[in-house]
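Engineer: Sequence and predicted structure are below.
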Amino acid sequence: MTKLGSRIFSRLVIIVPYAWLLFFFLIPFVIVFRISLSTTAIAQPPYEPVFRLADGLAGIIDNIRQLSFDNFVWLTEDALYINAYLSSLKIAGISTFLTLLIAYPIAYGMAQAPRTWRPTLLMLVILPFWTSFLIRVYAWIAILKPEGLLNQLLISAGLINEPLIILNTNWAIYIGIVYSYLPFMILPIYSALEKMDHSLIEAAEDLGCPPISAFWKVTFPLSLAGVVAGCMLVFIPAVGEFVIPDLLGGSQTLMIGKTLWTEFNANRDWPVSAAVATVLLLILVVPIVFFQNMQAKAEERGK
Amino acid sequence: MKSLGNIRRSFAPWADPDSKPFISFRNITKKFGDFTAVDNLTLDIYHREFFALLGASGCGKSTLLRMLAGFERPTSGEIILDGQDIAGIPPYRRPVNMMFQSYALFPHMTVESNIGFGLRQDGMPKAEIAERVKQMLKLVKLEQFAKRKPQQLSGGQRQRVALARSLAKRPKVLLLDEPLGALDKKLREETQFELMDLQQELGLTFVVVTHDQEEAMTMADRIAVMSHGKVIQVATPAEIYEAPNSRFVADFIGDVNILEGKVKAAGNGRVEIAGEDFTVRALGDTQLAMGASAGFAIRPEKLKISRTAPADATINASEGEIWDIAYLGDMTVFHVRLPSGKVVKTSMLNAQREVENPIGYDEKVWVSFAETGGVVLKD
Amino acid sequence: MTRWSRFNIISVALGFAFLYLPIVLLVVFSFNESRLVTVWAGFSTKWYVALFNNQGLMDAAWVTIRVALLSATVATVLGTMAALSLVRFTRFRGRMLFSGMVYAPLVMPEVITGLSLLLLFVAIGFDRGFWTVTLAHITLTMCFVAVVVQSRLLSFDRSVEEAALDLGATPLRTFFEVTLPIIAPAVFSGWVLAFTLSLDDLVIASFTSGPGATTLPMKIYSQVRLGVTPEINAACTLLIALVTVGVIIASIVTKRRELQRQRDEHAAFAGR
């Protein structure tokens, strides 16, 4: 009896979360794909054709005939979408690079800190992550505005005469992304650097390698796994970012997350937004699969 | 405690054809994918025996123990415990308990609740559990630590809690996986004797897995030397040491010199082996074919060195030159280079060594031995 | 200690200044007398009073907390189960797909997750509101819980479970009496993480929520679009204070546990 109970329990442990994710994560993507092949309609839901089980098999076949790739063709024909994708990739790429530039010295400094300080420093990096993303982005509006705190400071210091226009430009987006995703970059790099044995550097220097070149030949290659993980963690979500371009980038900036949002909420064009999402997902599949392989390998090593 | 030497000396159920084994592994094979951890192994262990599985890591000894505990299922074969095939019984229904190498104490429970855990699983009344736990704490001399958590104990104390926990259910068999591996040398030696006394006192069957030959020799009634999933030899510690059945066992246990040669004569209970440096005449199997290659294994303390030639210098003797000397306190080990270039080890207790004029480096010496000094090994 | 060079100190200090300055400014200006958030005009707490009188914000806060409590709790159960199946059952059909589905939401752009869930709810005819937001948050946050618990399980000494089985505990009892108490701290951090993520989420909530289930981030967002106000600063300050107090309590608990552990080790040596 208890043996049977245990067996049922161990089956449930797999089946319940598996079924949950299938239903709430995988199936929705199938639906997105399906709707991206429909046409817009003034109805509720605002697309055609709609699958109805009541129509039976003939209805479904009829349905499939009505599906078309028009939305995808539309995406390629309208420069807006192509530009939005390219611009998203560019902004995410530049931001990821800037984040890396800023995060690496911080992570390196933390890894060199006295051992007793490290947990505190680590907590200080994680702490902003716990405060709302929205709030952190919002805080930058007041700083970057033409009459904002940064310009006040620079003008009163006599560095500039005219306020810098940062808000509602791509620079504001870069700052927002770097700021919001910085902990995601610091943490993996820090954990890679922290694990490193300092005697490796000593050995390199002992063998005649000057410190800077010891850094590039020993430290950096050994932290590469952390760098790659950090870049993935920043780049992938940054491509589809919505809040930052919307609040800091103004109406001028093109990012696909924002385009999708507008298409969906303002234009109520569900099929096109589903097509936008499908293409975005296809673009991100490569880095996501790469990221998962890294996770799986890390998991293997953990064992 | 009174000496248990007499009981031990007379305990030899494996030599009695009428006694029935308590645990039998019959043609046990265990595969992990392509890797064969245990290979068609058959082994009997008797009631009240202190049995050691000895071997290098990866030889299958731990897998064998884990199959007995029920954590691994044999790929084929049967395991009989007290007349019952237990291969299909899950670990929590087996009358067998295990002491883990890492001790595996429950970190969130006190010493007391750790020891009482198994009894609670059986639904034993609370009062009885308390009584039994008290008894076990007394047995391992940890009465004043009952309320502590495992983290608040030293390594030796944790080891005793683990022991008390595995004994609390009064299992038919206690399995010990490297029980002393995590202790320092001094504590390990003390604990070896404590374990032996405990086993005698409780009258239990102990099966211990170890890679430490000294530990196995000290504690066990019999030792199974394992390699690559097979048992190479099962015998008492003295037999294993004095009469290894193979080069592997001879080499594995203690220091040994193996003198190689070809069988020259056999008969009359003796074998003669002609080698480069020695002509060996020793007690041995007379069925050996003439000209077959064979080895003669002899322990360093059975090789004698002297400045003068023995009476018959043609048999069991050779000239040599002192190559290296290692002074170990209680004894001295001489490495002697024989004419062929082979170096043999001989050891001499320092109590017997000449203090006035000790044998020194580069001296010419004679190496000799008695015909009962070693064993003949077939190839 | 020579490794803690001036360059290292400066880069860490600047890094932390960058991380914390915007938040500090936001908090400071929530106490500003003036309606302008960029010009200091004296100390005042009037925006906090205004905040508590803003029924819309208060309602949204209440919805958010309910969603977060419920979704974090369910996500913790599901996420722990997912972690167990990933770590303990190395071979089952579709394991690759399963681990993919656990890791993907961690990096999936929120607009995609939000849109796809919305389309699911529409397709099955589920009216959007409190429950759809909760279901969406469970789906997202269970994956974070799974990752947290999984890393704890990977460093778990399996022989402790084997010892329980060996002593006669069935697998089910072993789980509840041994495994769960030992991994409890990780499960708890998973819960806290899920709770904060749910509290924080704007995009997925915007997609999956319906009338009457406006969450606090949605409310803040719609007000921010109209302009920066000290009232929002006040709301944000309260949220930050809440999180900070939580983190401080957590770190004090950890610190005390660490001290306890040191005392234990000391006792162990003294006991020898």
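Structural biologist: In hand now; what should we look at? Numbers count the residues shown, from 1 in each chain, chains lettered A, B, ... in the order given.
Engineer: Confirm that B:Ser318 sits in a strand.
Structural biologist: Yes: under DSSP: H, G, I helix; E, B strand; the rest coil, B:Ser318 sits within a strand.
Engineer: tell me the pLDDT at the closest residue to it other than its chain neighbours?
Structural biologist: Take B:Ser318 and drop its neighbours on the chain: the residue closest to it by C-beta to C-beta, 6 or more residues apart in numbering or on different chains is B:Asp277, 4.3 Å away. Placement of C-beta: from N, CA and C, glycine included. Note on B:Asp277: pLDDT of 88.
Engineer: In three-state terms, label the closest residue to chain A within the stretch 201-350 of chain B for me.
Structural biologist: Here the stretch 201-350 of chain B gets closest to chain A at one residue, B:Val209, 22.8 Å apart by C-beta to the nearest C-beta. Put simply, B:Val209 is strand when judged by three-state DSSP.
Engineer: Output the contacting helices and strands for the worst-scoring helix or strand of chain C on mean pLDDT.
Structural biologist: Scoring the helices and strands of chain C by mean pLDDT, DSSP states H and E places helix C:230-271 at the bottom, with a mean of 77. In terms of contacts (3 or more C-beta pairs under 8 Å, 6 or more residues apart in numbering or on different chains; DSSP states H and E), helix C:230-271 is packed against helix A:118-130, helix A:133-144, helix C:6-29, helix C:46-53, helix C:180-200, helix C:216-226.
Engineer: And the fifth one, what's buried?
Structural biologist: It refers to helix C:180-200. C:182-183, C:186-187, C:189-200 (16 or more other C-beta atoms under 10 Å in any protein chain shown).
Engineer: Can you tell me which of these lies closest to chain B?
Structural biologist: C:Ile182 (6.1 Å).
Engineer: residues contacting that closest one?
Structural biologist: Shown in contact with C:Ile182 (C-beta atoms under 8 Å, 6 or more residues apart in numbering or on different chains): B:Phe106, B:Pro107, B:His108, C:Phe156, C:Val160.
Engineer: Run through those and flag the ones next to chain A.
Structural biologist: Residues of those in contact with chain A (C-beta under 8 Å from any C-beta of the partner chain): none.
Engineer: Apart from its chain neighbours, what residue comes closest to the spatially most central residue of chain B?
Structural biologist: Of all residues in chain B, the one closest to the mean position by C-alpha atoms, centre = their mean is B:Ala216, 3.1 Å from it. In this structure, B:Ala216 finds its nearest non-sequential neighbour in B:Ala52, 3.9 Å apart by C-beta to C-beta, 6+ apart.
Engineer: mind checking how far the one you found is from B:Lys61?
Structural biologist: 9 Å (C-beta to C-beta, to the nearest Å).
Engineer: what is in contact with those two at once?
Structural biologist: With C-beta under 8 Å, 6+ apart as the test, B:Ala52 and B:Lys61 both reach B:Val209.
Engineer: so where's the longest helix in chain B?
Structural biologist: Counting residues, the longest helix in chain B under DSSP state H turns out to be helix B:185-202.
Engineer: Excluding its own residues, what touches that helix? List them.
Structural biologist: Outside helix B:185-202, the residues touching it (C-beta under 8 Å, 6+ apart) are B:1, B:4, B:7-8, B:50, B:139, B:155-156, B:159, B:163, B:167, B:174, B:176, B:179-180, B:183, B:206, B:215, B:218-219.
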